[in-house]
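Undergrad: With the input below, show me the fold.
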Amino acid sequence: MKAFAWLLLLCLPQLAAADPQVRVQARLVPDTGVLVGATVNMEVDLLVDTWFTAAPVLPKLELPGAVVSPPGGEAQHLNEKLDGTPFFGLRYTYQITPQQARSFSIPALEFVVQPGQGSGPVTLKSPPLVFVAKALANAGGQQQLVARQVTFTQTLQRSHEPLRVGDSVTRHLTLQAEGAQAMLIPPPIFAQVQGTRRYLQSPQVKPLSDGRGGTSGGVREDSATYVITQAGKITLPAIELTWWDSAGNAQRASLEAITVDAAAAVYNAPFSISDDLRALGQQARLRVSGHGLLLAVVLLAGGGLLWFGYPWIRHLGVSLRRWQAARRTMWLLSADYAWQRLRQQLSTRPLQLDGLYLWVRRISGKRTLGGFFTGASATNENRSLDLLQNCYASPGSVAQVPPQLLGDLQDVRLQMSKRGTATTRYGLKPLNP
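TA: Predicted structure coming up:
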């Protein structure tokens, strides 16, 4: 029991340890005498008595009638002592530029911090703030630049020395405004200059660093290029800018006019082209006739067509060979081919009759000469029988073709052709020939 009591006494300091302290402070700089177009900084201090385990979460601030720039990625580090307790903190700055003359109310903003040795994230609310923006005297309706200090400089860049017609000069302007936002710096006016062509370049706008991770103002850089189109004196006019200080007094920043001289464009080559051609030799020139060039173009086009059209040409050749083979097959199976073979065999020795039988079968469908000559004249039939007798006589005898047999067969061929045409056009073929 005593041991348990001693253990409880040893743990009491740890149990009695309080959560880390966190605080938030907010203020406006300046808090009074704010002018329309001037920049008001709202500084927010987030303080802990331990440390931060993560970056604070910052809220978004929107004010109708004012331009608000949120804090950048870096914050100012703080070391303060409040009520005898040392605090470590971070300072974030919101830049507010009113565009209207009226009262602005900044609501309470919620910030989330994560202090070391804490039980979790802690949400802090900043106190609400109020400021009044006053209009500038004699400012008119133009864009107003209000700053603590303005620096206006210029530089001139020449494309060639001395200047000639066709050359160019580039005028660079740099405007630094402390206490103003870069996006609200008005653009300068580059006037049109007689004897030149003006080309405006895209401006560059960036914040002005204060050297401690924050911003103290803005910087705007503008450029314009003037291309010289006529010889003589070219004057780039002076540029003036009106701005207001924090007290509302109008100030002027001006740049002097710049005058340059441009000579007429006379081009002198650094070397003689004619002398170099003469040294190289005129005989080394290559002349191409018009006919040769046309022939080369035709050959090149033909080669291209042949190269890209080879698959189609190959397919056309295959189709043509197939068509020729089909035509030859039809010819070999036709009665005309059999007739040609018949005529050749009747004039050869020994005598052969397979061409005769082939022609008879193809022209009439008959397989015997007797069936073929049925209904024919007795003369044709007798001559055909004489041909068979001579062809199939005894081996010692010589086969002789009757003199009028070929003419008679030609007459039969003509008759059979007419009969076949008539049958094809006006009637059906015999069902069982």
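
Undergrad: CA only for contacts and neighbour counts going forward, please
TA: Noted.

Undergrad: how many neighbours does Leu295 have?
TA: When neighbours are defined as other Cα atoms under 10 Å, Leu295 has 12 of them.

Undergrad: element containing it, please.
TA: Assigned by DSSP states H and E, Leu295 belongs to helix 290-332.

Undergrad: Touching, Asp19 and Gln117? I think so.
TA: Yes. Contact criterion Cα atoms under 8 Å: Asp19 and Gln117 qualify, at 7.3 Å.

Undergrad: which residues sit in contact with the nearest residue to Gly217 once chain neighbours are set aside?
TA: Nearest non-adjacent residue to Gly217, counting by Cα to Cα, 6 or more residues apart in numbering: Glu178, 4.2 Å away. Residues in contact with Glu178 (Cα atoms under 8 Å, 6 or more residues apart in numbering) are 147-150, 208, 216-218.

Undergrad: Can you select the buried ones among these for me in ChimeraX?
TA: Entered in ChimeraX, the line below selects the buried ones among those, by 16 or more other Cα atoms under 10 Å:
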select :147,148,149,150,208,216,217,218
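
Undergrad: Out of the contacts of Glu178, which one has the weakest pLDDT?
TA: Among the contacts of Glu178, Ser216 carries the weakest pLDDT, at 83.

Undergrad: would you say that residue is within a helix?
TA: No. Looking at Ser216 with DSSP: H, G, I helix; E, B strand; the rest coil, it is strand, so not inside a helix.

Undergrad: Which residues are in contact with it?
TA: Listed by Cα under 8 Å, 6+ apart, the contact set of Ser216 reads 178-180, 207-210.

Undergrad: Leaving out chain neighbours, which residue sits closest to it?
TA: Going by Cα to Cα, 6+ apart, Ser216 has Asp210 as its nearest residue, at 5.2 Å.

Undergrad: Show me the contact partners of the helix or strand where Gln251 lies.
TA: Assigned by DSSP H and E, Gln251 belongs to strand 250-255. If you take Cα under 8 Å, 6+ apart as the criterion, strand 250-255 is touched by 150-154, 238-245.

Undergrad: Which of those residues fall in strands?
TA: Members of the contacts of strand 250-255 lying in strands (criterion: DSSP state E): 150-154, 239-244.

Undergrad: Can I get the contacts of strand 250-255 in JSON lines including distance to His315?
TA: Converted to JSON lines, these look like this (distance: Cα to Cα, whole Å):
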{"residue": "Val150", "distance to His315": "83"}
{"residue": "Thr151", "distance to His315": "82"}
{"residue": "Phe152", "distance to His315": "80"}
{"residue": "Thr153", "distance to His315": "78"}
{"residue": "Gln154", "distance to His315": "76"}
{"residue": "Ala238", "distance to His315": "80"}
{"residue": "Ile239", "distance to His315": "79"}
{"residue": "Glu240", "distance to His315": "81"}
{"residue": "Leu241", "distance to His315": "81"}
{"residue": "Thr242", "distance to His315": "84"}
{"residue": "Trp243", "distance to His315": "84"}
{"residue": "Trp244", "distance to His315": "87"}
{"residue": "Asp245", "distance to His315": "89"}
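
Undergrad: Any quick ChimeraX command for the buried ones out of those?
TA: Of the contacts of strand 250-255, the buried ones can be selected in ChimeraX as follows, counting by 16+ other Cα under 10 Å:
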select :150,152,239,241,243,244,245
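
Undergrad: which one of the contacts of strand 250-255 is nearest Gln352?
TA: Gln352 has its nearest neighbour among the contacts of strand 250-255 in Gln154, at 118.8 Å by Cα to Cα.

Undergrad: List the contacts of the closest one.
TA: Under the criterion of Cα under 8 Å, 6+ apart, the neighbours of Gln154 are 171-174, 255.

Undergrad: The most centrally placed residue in the chain in helix, strand or coil?
TA: The residue lying closest to the centre of the chain (Cα atoms, centre = their mean) is Ser202, at 24.0 Å. Per three-state DSSP, the local secondary structure of Ser202 is coil.

Undergrad: What of Ala177?
TA: Secondary structure of Ala177, reduced to three states by three-state DSSP: strand.

Undergrad: and the residue nearest to it when sequence neighbours are not counted, what is it in contact with?
TA: In this structure, Ala177 finds its nearest non-sequential neighbour in Val150, 4.5 Å apart by Cα to Cα, 6+ apart. Neighbouring residues of Val150 by Cα under 8 Å, 6+ apart: 175-178, 253.

Undergrad: and if you look at Val34?
TA: Listed by Cα under 8 Å, 6+ apart, the contact partners of Val34 are 40, 131-134, 246.

Undergrad: per-residue pLDDT, it?
TA: So Val34 comes in at 89 (pLDDT).

Undergrad: what separates it from Gln99, distance-wise?
TA: 11 Å (Cα to Cα, to the nearest Å).

Undergrad: Am I right that Tyr337 falls within a strand?
TA: No. Secondary structure of Tyr337 (three-state DSSP): helix, not part of a strand.

Undergrad: count of neighbours near it?
TA: Neighbour count of Tyr337, defined by other Cα under 10 Å: 16.
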